[in-house]
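**Student:** Below are the sequence and a predicted model for it; my questions follow.
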Amino acid sequence: MSNTDQDLPQHALERLKGLRSQGHPGGIFTSDFSVNEFLLVRKAGFEPVGLCIGSCIYHVGIQYGSWSKNQELDVLSQAMYHARELAMTRMREEAADMGADGVVGVQLTVKRLAWDANVLEFVAIGTGVVHAEGSPAFKGPKGQPFTSDLSGQDFWTLLQAGYRPLEMVMGSCVYHVAHRGFMKTLGQAGQNVELTNFSQAMYDAREIAMERMQNEATEARAEGVVGVDLHEGNHVWEPHVIEFFAVGTAVVPISSEPSASKIPDPQLVLSVNS
């Protein structure tokens with residue numbers, strides 16, 4: 001067991017004891033895999049161990065932007081970063097405690113809670129997997145379980161091509177988009193015209209989020225990032241304050257970089273689930 005067990009609730013520790021492991025072959029596994037994902041992860045040489053969950057309830061502070069200025073609200077950016085990192089760390093602790101080599105299919109969500117307008121819940125959940133033959137070559141940075149938001153199908157395809165996931169990397173930027181002046185709005189009424197201040201703000205905020213995600217991948221010594229999702233949300237703020245969030249899976253070759261000509265063609269997998 002890791003020395004971070006004090007971060008996990010008692011019921012989480014009890015649940016982890018009931019999972020299948022090398023010392024507890026009579027236990028069961030749990031996962032949020034579809035049937036296809038389960039079978040392809042097994043075919044890739046891994047076995048599911050159990051669902052890993054990390055949660056963080058976070059009170060987001062207050063920061064106001066200038067009414068007429070495009071600018072990042074760094075206090076809010078840091079809050080969103082910190083809360084997600086806490087949720088991911090706790091999920092990774094559960095994975096380490098169940099002896100998993102990594103976590104596949106991670107979903108990282110943010111939910112507004114009803115009891116306070118400035119309180120958000122951040123949840124990270126995915127399936128802990130272990131290499132069936134006990135290979136130590138699939139750990140993440142610093143020997144911790146790897147994390148990936150790839151589906152079971154994409155995980156299998158990635159391994160078939162000679163790459164492996166390293167860790168989820170992310171970049172966040174909470175940005176205040178400047179308001180337009182009344183006279184300028186009136187002067188452009190009814191015209192086809194680009195709203196350049198809005199374009200520049202959205203461009204700048206997305207670039208900041210992408211740059212931070214790229215920096216995390218560089219620090220992890222990844223070769224690249226796959227499956228990047230770049231989305232935005234307003235969460236608990238006024239309409240001109242938006243968070244841009246970039247997240248993806250950093251990958252590296254399993255051994256040497258595979259030759260492109262030797263990478264097998266990806267196969268189409270049709271889900272039988274409704």
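**Tutor:** All right, it came through fine. Numbering: from 1, shown residues only.
**Student:** Distance of Ser148 relative to Val225?
**Tutor:** Plainly put, Ser148 is 11 Å away from Val225 if you go by C-beta to C-beta, to the nearest Å. Quick note: C-beta positions are derived from backbone N, CA and C, even for glycine.
**Student:** One more: Val110?
**Tutor:** 21 Å.
**Student:** And for Ala217?
**Tutor:** Distance, Ala217 to Val225, using C-beta to C-beta: 5 Å.
**Student:** Common neighbours of those two, please.
**Tutor:** Residues touching both Ala217 and Val225 by C-beta atoms under 8 Å, 6 or more residues apart in numbering: 169, 250.
**Student:** any idea where the helices of the stretch 1-150 of the chain begin and end?
**Tutor:** 10-17, 35-43, 74-97 (DSSP state H, counting those that start in this stretch).
**Student:** and the ones you listed as CSV, adding mean pLDDT and mean neighbour count?
**Tutor:** Below are those laid out as CSV (pLDDT from 0 to 100; neighbours: other C-beta atoms under 10 Å):
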stretch, mean pLDDT, mean neighbour count
helix 10-17, 81, 13
helix 35-43, 93, 18
helix 74-97, 96, 21
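**Student:** Can you say which of the ones you listed is nearest to Gly162?
**Tutor:** With C-beta to C-beta, the closest approach to Gly162 among these belongs to helix 35-43: 15.9 Å.
**Student:** Please put the alpha-carbon coordinates of the closest one into CSV.
**Tutor:** Extracted C-alpha coordinates of helix 35-43, given in CSV (Å, rounded to 0.1, in the frame of the first residue of the first chain):
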residue,chain,number,x,y,z
VAL,A,35,-17.8,-5.5,-24.1
ASN,A,36,-15.6,-4.6,-27.1
GLU,A,37,-13.2,-2.5,-24.9
PHE,A,38,-12.9,-5.3,-22.3
LEU,A,39,-12.1,-7.9,-25.0
LEU,A,40,-9.6,-5.7,-26.8
VAL,A,41,-7.8,-4.7,-23.6
ARG,A,42,-7.4,-8.4,-22.8
LYS,A,43,-6.2,-9.1,-26.3
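**Student:** so what secondary structure elements neighbour it?
**Tutor:** strand 46-59, helix 152-160 (3 or more C-beta pairs under 8 Å, 6 or more residues apart in numbering; DSSP states H and E).
**Student:** could you say what helices and strands the longest one packs with?
**Tutor:** The reference is to strand 46-59. Counting contacts by 3+ C-beta pairs under 8 Å, 6+ apart, strand 46-59 packs against helix 10-17, helix 35-43, helix 74-97, strand 119-131.
**Student:** Using CSV, write out the CA atom coordinates for the shortest one.
**Tutor:** In this case it means helix 10-17. What follows is helix 10-17, C-alpha atoms only, in CSV (Å, rounded to 0.1, in the frame of the first residue of the first chain):
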residue,chain,number,x,y,z
GLN,A,10,-12.1,4.1,4.4
HIS,A,11,-14.8,2.6,2.1
ALA,A,12,-12.4,3.1,-0.8
LEU,A,13,-9.7,1.1,1.0
GLU,A,14,-12.3,-1.6,1.8
ARG,A,15,-13.4,-1.7,-1.8
LEU,A,16,-9.9,-2.1,-3.1
LYS,A,17,-9.3,-5.1,-0.9
